[in-house]
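K.L.:
Got a predicted structure here, sequence first:
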Amino acid sequence: MSTVYLDHAATTPMADVAVEAMTAQLRAVGNASSLHASGRRARRVVEESRESIAQALGCRPGEVIFTSGGTEADNLALKGLYWSRRAEDSGRHRILSTAVEHHAVLDPLHWLGEHEGATIAEVPVDASGRLDGDALRTLLAEEPASVGLVTAMWANNEVGTTQPLPDVVAAAEEHGVPVHTDAVQAVGSLPVDFAAAGVDTLALSSHKLGGPLGVGALLARRELLLTPLVHGGGQERDVRSGTLDVPAIAGFAAAVEEAVKHQAEEAERLRGLRRRLVDGVRREVPDAVLNGPPAEDEEGLPGIAHFSFPGCEGDSLLMLLDANGVECSTGSACAAGVPQPSHVLLAMGRDEEGARSSLRFSLGHPSTAADVDALVAALGPCVERARAARA
C-alpha cells in the first residue's frame, strides 16, 4: 500500500535544488568565522545565501539573521524586542497578540508573562480566525505608552487564514509600536515582501518550504535593537551567536529562491487541488465543517483544508486514515499525552467537541490529484468507523 502524505504544513520534502546545494557543501571544510582560505570560502557561501534570501523576500542582506528554525526566530524577535523596549522604557510591559498564534509565539509570550513582568493582551478573532482590527486599535489606544510590541502571524498554520497585516502595521505605527509576524507558513505559499509589509521582524523556517530541517531566519530591520538570547562568538549581528551551519544555509537559500520563483503558479495549482479536496470531502461526509477560509477564498493559504467531522474523535480518525495509507494531522496539540482541543478553533468560537473532531489536510509541492482522490476514497469508511467507535 502506497502512502499519501497530506501533512506538508508540518514539514515538506526537500526540493531537488536544496538537496543539491546542501550536499555540495557537506564535504567542504571551513568555519565561516575563520580568517583562512577555507573559512573565507565558507563565509562566501553564507553571504551569497543571505543575499539570495534577501532578494527573494524584499529585504536587505544585513536584515537576514540565520537561526535554527522558526521557533528560535520567533523567540528571538519576541524576547529580544521586549527586553530591548523595556530597557529603553520600563513602562512598556504590554504585548498585544492574537489567540490563534502558533505555540512558537504563544509559549514565549506566556514565559515573558510569568518571568519577565509582561502583560499579554489577546486580540479577538472572528469565526474564520481573522483578527478584529477595531479591537486591536482599542487595545493600542488604551495605554499606548505601555505597549512594547504587537505580534500577528501572516497566515495560520492550522486553518490557513491570513491576517490583515497592513491594518495591523498601520495601527501600531500610530503609536510607534514595532510589529512581529510569524510568516513560517506564508513564505513560498503567498507573496511575501518584508519591506512592503512594513513589519519590523519576520520569522521563517526552511523545512516548511522545501529546505533542510534545523535552519531558518529572522528578518529584522537593521536599525532595530534586539537583546540576544544566546551569547558567544557574536555572529549574526551579535544577536545570534554560534557556528553557522553552512550546508544547511546553502540548502535553505536554494529552497527559498525556488519556492518564491514558482510561488504564483504553485499557489494556483494547490488552490485547484484544495477545491477538489473540499468538494470530495463534502461529497463523502456531507456534515463535515470546513474551518477557516471558504473553499473559494483566494487570500488564505492555498494548500490547507481544515475540517471538523461531527461525531468523531480527531485522533481516532487520524489513526484510521493512517492505517489506510493517508497521513494528515489533527487540529490539536498534545501535552503529556493528553489530547487538547485546538486553541485556534476555540478562539474562533468552536466548542470543545467540535475542536476535538478536526483534521488538517495540507498539500505541498509533491501533491497530486491522485493523492486527493485517495484521501476522498478512504475518508467515508474511516468516518463511519470513527463514529461507530465513539458511539
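P.N.:
Thanks, I have the structure now. Model, not experiment: these values are computed from the prediction.
K.L.:
wait, doesn't L225 sit right on R86?
P.N.:
No - using CB atoms under 8 Å, L225 is not in contact with R86; the gap is 11.2 Å. Bear in mind the C-beta positions are built from the backbone N, C-alpha and C, glycine included.
K.L.:
Now do the SS call for A9.
P.N.:
coil (DSSP: H, G, I helix; E, B strand; the rest coil).
K.L.:
Just the C-alphas of stretch 205-217, formatted as CSV.
P.N.:
Output of stretch 205-217 as CSV, limited to C-alpha atoms (Å, rounded to 0.1, in the frame of the first residue of the first chain):
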residue,chain,number,x,y,z
SER,A,205,11.6,28.3,8.5
SER,A,206,13.5,26.2,5.9
HIS,A,207,11.7,22.9,6.2
LYS,A,208,8.3,24.3,5.6
LEU,A,209,9.2,25.4,2.0
GLY,A,210,11.4,22.6,0.7
GLY,A,211,14.7,23.2,2.6
PRO,A,212,16.5,21.2,5.2
LEU,A,213,15.4,20.9,8.8
GLY,A,214,17.2,22.8,11.6
VAL,A,215,17.7,26.2,9.9
GLY,A,216,15.6,29.3,9.5
ALA,A,217,15.9,33.0,9.7
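K.L.:
neighbouring contacts of that stretch?
P.N.:
If you take CB atoms under 8 Å, 6 or more residues apart in numbering as the criterion, stretch 205-217 is touched by 9, 11-15, 18, 22, 53, 64-73, 184-185, 187-189, 203-204, 245, 247-249, 251-252, 254-256, 258-259, 365.
K.L.:
Sort out which residues of that stretch are buried, please.
P.N.:
For stretch 205-217, burial by neighbour count (16 or more other CB atoms under 10 Å) applies to 205-212, 215-217.
K.L.:
Over to stretch 310-329?
P.N.:
Quick answer for stretch 310-329 (16+ other CB under 10 Å): 311-318, 320-321, 324, 326, 328-329.
K.L.:
per-domain residue ranges of this protein.
P.N.:
Following automatic domain parsing, one gets these domains for the chain: 16-261, 262-390.
K.L.:
pLDDT of stretch 9-21, averaged?
P.N.:
Averaged across stretch 9-21, the pLDDT comes to 97.
K.L.:
about what we covered before: any idea which of the domains of the chain gets closest to V4?
P.N.:
domain 262-390 (4.6 Å; CB to CB).
K.L.:
List the contacts of stretch 304-311.
P.N.:
9, 157-160, 185, 274, 277-278, 281, 285, 287-292, 317, 331, 345, 350, 354-355, 357-363, 383, 386-387, 390-391.
K.L.:
spatially speaking, which residue is in the middle of this structure?
P.N.:
V184 (3.0 Å; CA atoms, centre = their mean).
K.L.:
what about that one, distance to P108?
P.N.:
From V184 over to P108 the distance is 14 Å, taken as CB to CB, to the nearest Å.
K.L.:
can you check G214 too?
P.N.:
From G214 to P108 the distance is 19 Å (CB to CB).
K.L.:
same check, this time on A18
P.N.:
From A18 over to P108 (counting by CB to CB), the distance is 28 Å.
K.L.:
So for those two, which residue has more residues nearby?
P.N.:
Neighbour count, other CB atoms under 10 Å: between A18 and P108, A18 has more, with 27 against 23.
K.L.:
Out of the buried residues of stretch 205-217, name the ones that lie in strands.
P.N.:
205, 216-217 (DSSP state E).
K.L.:
Settle it for me: which of L225 and R86 has more neighbours?
P.N.:
R86 (18 against 15).
K.L.:
Strands - which of the contacts of stretch 304-311 land there?
P.N.:
289-291, 358-362.
K.L.:
can you tell me which of those lies nearest to L301?
P.N.:
Closest to L301, out of all of the ones in strands among the contacts of stretch 304-311 and judged by CB to CB, is S362, at 8.2 Å.
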